[in-house]
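> Generate coordinates for the sequence data below:
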Amino acid sequence: MVKNIKKEQQHIALQVTNLSVGYSSKKQQNVISKDINFALQKGELTAIVGVNGIGKSTLLRTLGNVQPKLSGTISIDAIEINDYKPGQLAAKISVVLTEKIASKNLTVLEVIALGRQPYTNWIGTLTTTDKDKITEAISLVQIEELQHKKCYELSDGQLQKVMIARALAQDTSIILLDEPTSHLDLYHKATILKLLKNIAHKTQKTILFTTHEIEVALQLCDKILILDKNESHFGTPQNLIATNKFDALFPKDTIIFDAKSASFKVV
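Numbers count the residues shown, from 1 in each chain. Next up, the predicted model:
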């Protein structure tokens, strides 16, 4: 039993313990969500779900070290995140936020190449290794036919695939994505999430994303974090359903969760 636990711990990519996220000023702290605890294994696709304003994006930005945590610990490969130098962290974790591309006049290939910035020299020259990683990322996301197009020529779904490819080109063990399926129809939402699941399982990367698409996440994700202000829940979709963790997500006088169909129903 002890051997199994040790083996499992060796594969933990991201560990979060007693984490509080939010914003702080000189006068006070504004805690959005607290007591967050979970551990992500290599090769897993995990979703962060919760009601609007609960702090899903804030948590993701905190995990990516885009903004500071209020308290608790975040460890990557058993090393506290603050112990990494910026260059070291950029080689461990990539973040895809909801901000638009600065210049849509760039080609798809140029945007994906930006993912290699942590590894290039001061003039940004791409080595053979850099080019191989870019080619591999394009192949994984299956956008070979788009690579020479300008980004302004792409649909929202195509552009999202480009951003995923850029994160893959960065070649980090952990990828964080904020609302990767926003502004997409149901077909393209499912397509993007199936793509992420395939990448996680095929490359053994740990992929964590925020989403409002809870029912799709229930079908495709290995793990789910239900974020709440005072108490969050983490586990497989099956375990979370079996322990009724989705029942309190929304007010019961409007929406209820049906465990049999793993879906929400309006009452």
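> Tell me the first helix or strand C-terminal of the lowest-mean-pLDDT helix or strand in the chain.
When the helices and strands of the chain are scored by mean pLDDT, DSSP states H and E, helix 2-10 comes last with a mean of 47. Counting by DSSP states H and E, the next helix or strand C-terminal to helix 2-10 is strand 12-24.
> Relative to that next one, what are the paired strands and their orientations?
Sheet pairing for strand 12-24, assigned by DSSP bridges, gives strand 29-41 (antiparallel), strand 71-76 (antiparallel).
> Pretty sure G157 sits against T191.
Yes. Counting by CB atoms under 8 Å, T191 is a contact partner of G157 at 7.1 Å. The C-beta positions use only the backbone N, C-alpha and C, and glycine is treated the same way.
> Tell me which stretches of this protein form strands.
For the chain, strands defined by DSSP state E occupy the ranges 12-24, 29-41, 45-49, 71-76, 79-80, 93-96, 174-178, 206-210, 223-226, 233-235, 255-258, 263-266.
> Next, work out how far apart K260 and T203 are.
Distance from K260 to T203, counting by CB to CB, to the nearest Å: 34 Å.
> H183 too?
As judged by CB to CB, H183 and T203 stand 26 Å apart.
> more crowded one of those two?
Ranked by neighbour count (other CB atoms under 10 Å), H183 and T203 place T203 first, with 17 against 13.
> Pull the contacting residues for the more buried one.
43, 140, 168 (CB atoms under 8 Å, 6 or more residues apart in numbering).
> Try it again at 10 Å.
42-43, 136, 140, 168, 171, 173, 175 (CB atoms under 10 Å, 6 or more residues apart in numbering).
> PyMOL command for the buried members of those?
Buried subset of these, written as a PyMOL selection, criterion 16 or more other CB atoms under 10 Å:
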select buried, resi 42+43+140+168+171+173+175
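> Count the neighbours of L154 for me.
For L154, the neighbour count with other CB under 10 Å is 18.
> Would you mind listing where the chain has pLDDT under the threshold?
Applying pLDDT under 70 to the chain flags residues 1-10, 102, 121-123.
> ok, which stretches of it are helices?
Assigned helices in the chain, in chain order: 2-10, 56-63, 86-90, 108-113, 128-141, 156-169, 186-203, 214-220, 237-242 (criterion: DSSP state H).
> So for V266, which of those sits nearest?
Smallest distance to V266 across the helices of the chain (CB to CB): 13.3 Å, for helix 214-220.
> same for that closest one, what does it pack against?
Other elements packing on helix 214-220 under the criterion 3 or more CB pairs under 10 Å, 6 or more residues apart in numbering; DSSP states H and E are strand 45-49, helix 186-203, strand 223-226, helix 237-242, strand 255-258, strand 263-266.
> Dump the helices of the chain to CSV, plus distance to Y23.
CSV is the format used below for those (distance: least, CB to CB, whole Å):
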stretch, distance to Y23
helix 2-10, 33
helix 56-63, 8
helix 86-90, 21
helix 108-113, 30
helix 128-141, 34
helix 156-169, 26
helix 186-203, 29
helix 214-220, 26
helix 237-242, 29
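> Quick one: closest of the ones you listed to Q29.
helix 56-63 (12.7 Å).
> quick revisit: make JSON lines out of the strands paired with strand 12-24 and add mean neighbour count and distance to A90.
Below are those laid out as JSON lines (neighbours: other CB atoms under 10 Å; distance: least, CB to CB, whole Å):
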{"stretch": "strand 29-41", "mean neighbour count": "18", "distance to A90": "19"}
{"stretch": "strand 71-76", "mean neighbour count": "17", "distance to A90": "12"}
